[in-house]
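Novice: Fold the following and give me the result.
(one chain, ligands or ions: 1)
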Amino acid sequence: MSNLIIKQIPCLSDNYGYLVHDPQSGATITIDTPDANAILEALKEENWQLSAIWNTHHHWDHAGGNAAIKEATGCLIFAPKGEADMIKGADHYIGEGDSVSLGAHAVQIIETPGHTRGHICYVFNEERVAFVGDTLFSLGCGRLFEGSPEQMWTSLSKLMALPDETRIYCAHEYTKDNARFANTIEPENTDLQDRIAQIDNLRGKGAPTIPVPLGVEKATNPFLRAQSPAIRTRLKMENASDSAVFARIRQMKDDF
Ligand SMILES: [Zn+2]
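Specialist: Predicted coordinates:
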């Protein structure tokens, strides 16, 4: 049973900040720091005390608010080991196999290089909640700024191994744009059509499309569907490796 409270904070043009609060211990963390003011405001609104910043990667719209938030709250900063040179001043650098905790909740660190070389995701296994930063988006995935397609495919495969009911918290609301592309890759996918109808409805009301269950992404997100016979036929890649199919789809999206 999950008794975490997750507060989703729209930041900048399309980022989401997240505060995660454990009522039992009173501890609160923020996943990344896209906008220091927005996050400090949200803390004040809830009357929560910030214990720590958990960074997923070094991009400015994820770690840019670290210093201001640390100064305002005295919180600790946890940052990916693989990006210690890019995220200065963290208290702890963490990577695969490490775990952090929020009160009594243990959180698993998964390294997912590809978007950046040291990107990490935070998984609350018991609560079936994963904060995936810019690795996985609904109907999309992060652009490959610092990693190869093979690396990213391996990273996404680690996330795909989580239980289907895991709620995926992405760092951006890119879903509607992603849906336009996804629909060109696998238009015959009825699960995708259902999800697109849901997305149009949610965005029409100004509501977020995030979080999304991993099972829905596995059924609809072209970047997780390199095995799909329909996609392979469309791309004329029937006998290619999964990572080669993924690489082609990533390239097509970059050119879309
Ligand atoms: Zn990024």
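
Novice: pLDDT below threshold where in the stretch 101-250 of the chain?
Specialist: Across the stretch 101-250 of the chain, nothing is flagged by pLDDT under 70.

Novice: List the contacts of the residue nearest to residue 83 when sequence neighbours are not counted.
Specialist: Spatial nearest neighbour of residue 83, excluding adjacent residues (Cβ to Cβ, 6 or more residues apart in numbering): residue 118 at 3.8 Å. Heads up, the C-betas are built off the backbone N, CA and C, glycines and all. With contact set as Cβ atoms under 8 Å, 6 or more residues apart in numbering, residue 118 has these partners: 57, 58, 80, 81, 82, 83, 84, 86, 95, 111.

Novice: Drop the exposed ones from those and show what's left.
Specialist: Buried subset of these (neighbour count, 16 or more other Cβ atoms under 10 Å): 57, 58, 80, 81, 82, 83, 86, 111.

Novice: Would you reformat the residues you listed as CSV and include distance to residue 29 and secondary structure?
Specialist: Shown next, in CSV, are these (distance: Cβ to Cβ, whole Å; DSSP: H, G, I helix; E, B strand; the rest coil):
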residue, distance to residue 29, secondary structure
57, 16, coil
58, 18, coil
80, 15, strand
81, 18, helix
82, 20, helix
83, 18, helix
86, 20, coil
111, 19, strand
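
Novice: The closest residue to the ion within the stretch 101-250 of the chain and residue 40: what is the separation?
Specialist: Closest to the ion within the stretch 101-250 of the chain is residue 134: 3.7 Å, counting by Cβ to the ion. Residue 134 is 23 Å from residue 40, where distance means Cβ to Cβ, to the nearest Å.
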